[in-house]
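Enquirer: My questions are about this predicted structure, shown below with the sequence.
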Amino acid sequence: MRVGIGRDIHKLAEGRRLVVGGVEMDSARGAVAHSAGDALIHAVIDAAIGAAGLGDIGDYFPDTDPRYEDADSRGLLRKTAALLAKHNLRVVQVDATVILEHPKVGQLKEAMRDNIAADLGLPGGAVNVKAKTAESSGEVGRGEAVAAEAIAVVEQV
Ligand code: MG
């Protein structure tokens with residue numbers, strides 16, 4: 001069994017879409033990023049790649065590569081599962097936290113969990129998504145950024 005950790009943060013700005021865990025949220029501000037800027041999925045990808053001992057998200061989906069401009073993060077997560085499969089590895093469990101001041105994640109965390117589980121080919125019970133605010137502290141707390149943290153457990157197939 002191997003364990004990996006991932007974290008991500010994206011600044012928020014007016015006129016951008018806010019997609020978290022593959023769920024488009026109703027928000028006046030969205031993530032500023034080369035890709036779709038889905039901090040939760042990016043954290044999960046880094047946790048999975050880290051558990052596999054294969055580097056980090058930038059090694060496979062560099063933000064300098066025009067192919068990943070506005071890239072659908074769920075597609076990148078599915079590509080990550082395929083990358084691990086090539087190394088005879090698979091993700092068996094994910095726990096993750098979204099840190100976002102507003103809008104409230106609330107029960108959308110269930111749809112986020114279902115998206116991540118589907119892309120990794122896991123039952124919903126193998127993925128957990130938690131939601132927190134930053135208690136008005138720092139750039140996340142001021143509503144200027146969205147952050148996420150994740151842990152993934154990977155096993156040999
Ligand atoms: Mg990112």
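Expert: Great, that's in hand. Numbers count the residues shown, from 1 in each chain.
Enquirer: does Gly30 sit in a helix or strand, and which one?
Expert: strand 29-31 (DSSP states H and E).
Enquirer: tell me which strands and helices that strand is in contact with?
Expert: Under the contact criterion of 3 or more CB pairs under 8 Å, 6 or more residues apart in numbering; DSSP states H and E, strand 29-31 touches strand 2-14, strand 18-20. C-beta: built from backbone N, CA, C; applies to glycine.
Enquirer: for the record, mean pLDDT for whatever helix or strand comes next after that strand?
Expert: Using DSSP H and E, the helix or strand that follows strand 29-31 in sequence is helix 39-52. On average, the pLDDT along helix 39-52 is 98.
Enquirer: right, and the helix or strand after helix 39-52?
Expert: Following helix 39-52 toward the C-terminus (DSSP H and E): helix 57-60.
Enquirer: Name the next helix or strand downstream of that following helix, please.
Expert: Criterion used, DSSP H and E; the element after helix 57-60 is helix 73-86.
Enquirer: can you pull the buried residues of that next one?
Expert: 73-77, 80-81, 83-84 (16 or more other CB atoms under 10 Å).
Enquirer: which secondary structure elements does the strand or helix carrying Asp119 contact?
Expert: Per DSSP H and E, Asp119 falls inside helix 108-120. Applying 3+ CB pairs under 8 Å, 6+ apart, we find helix 108-120 packed against strand 23-25, helix 39-52, helix 73-86, strand 89-99, strand 127-132.
Enquirer: Pull the residues that contact stretch 116-125.
Expert: 21-22, 40-41, 44, 48, 74, 77-78, 81, 90-94, 96, 113-114, 126-127, 129 (CB atoms under 8 Å, 6 or more residues apart in numbering).
Enquirer: if we can go back for a sec, between the helices and strands packed on helix 108-120, which gets nearest to the ion?
Expert: Each of the helices and strands packed on helix 108-120 has some distance to the ion by CB to the ion; the shortest is helix 39-52, at 3.6 Å.
Enquirer: relative to strand 2-14, how tilted is that closest one?
Expert: If you take axes from the mean of the first three to the mean of the last three CA atoms, to 10 degrees, helix 39-52 sits at 160 degrees to strand 2-14.
Enquirer: would JSON lines of the helices and strands packed on strand 29-31 with distance to Glu139 and mean pLDDT be doable?
Expert: Formatted as JSON lines, those follow (distance: least, CB to CB, whole Å; pLDDT from 0 to 100):
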{"stretch": "strand 2-14", "distance to Glu139": "8", "mean pLDDT": "97"}
{"stretch": "strand 18-20", "distance to Glu139": "15", "mean pLDDT": "96"}
